[in-house]
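K.L.:
give me coordinates for this.
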Amino acid sequence: MTLEEGQRVRLAADLRLDGSLAPAWDGGTDGRSDGGAAADAVPGSPPLSLSLASGTEGTVERVNAPYQQQSQEVREYVRLKSLLDDFGHQMPPGTRKQLTEQVLALEPAWVAYQGRRLRVTVRVRLDNGFVLDDAPEGLLTPA
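P.N.:
From the prediction side, this is the model:
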């Protein structure tokens with residue numbers, strides 16, 4: 001599943017968030033309005049626990065999807081596989097057989113590339129006012 005900014009989503013499962021209470025800073029060079037003071041827990045606040053029900057809806061504000069570099073073998077696999085899928089039925093049998101063998105030889109590189117799935121996270125502003133930042137995309141489904 002690929003999420004996009006502005007897309008409506010809902011939580012796929014109940015969530016329980018545990019931690020300490022800390023202010024959310026905005027502005028400043030490092031994301032804090034004080035220009036760099038440490039964002040410590042609010043003094044005197046007890047440990048916090050928050051539960052969010054599955055089905056809670058919100059809007060995707062940001063998608064953090066790191067770029068995964070493709071090797072030459074992966075690019076060649078994609079190119080040849082597309083050529084075979086789109087025009088293989090029109091090719092002479094010998095050419096189609098040769099192209100199929102090339103695709104099969106490159107398939108291990110493609111499988112390895114697919115196995116290195118990078119962690120995609122999102123920032124979601126829920127309708128109840130809460131914000132989930134760096135939430136794995138698997139926690140959400142399209143609304």
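
K.L.:
show me which helix runs longest in the protein.
P.N.:
helix 93-115 (DSSP state H).

K.L.:
need the contact partners of that helix.
P.N.:
The contact list for helix 93-115, computed with Cβ atoms under 8 Å, 6 or more residues apart in numbering, reads 68, 70-71, 73-74, 76-78, 80-81, 83-84, 88, 91. Quick note: C-beta positions are derived from backbone N, CA and C, even for glycine.

K.L.:
Leu3: how many residues sit nearby?
P.N.:
Leu3: 19 surrounding residues under other Cβ atoms under 10 Å.

K.L.:
now do Pro142
P.N.:
12.

K.L.:
check Ser51 too.
P.N.:
Ser51, neighbours per other Cβ under 10 Å, totals 9.

K.L.:
what's opposite it in the beta bridge?
P.N.:
In this entry, Ser51 is beta-bridged to Arg16, by DSSP bridges.
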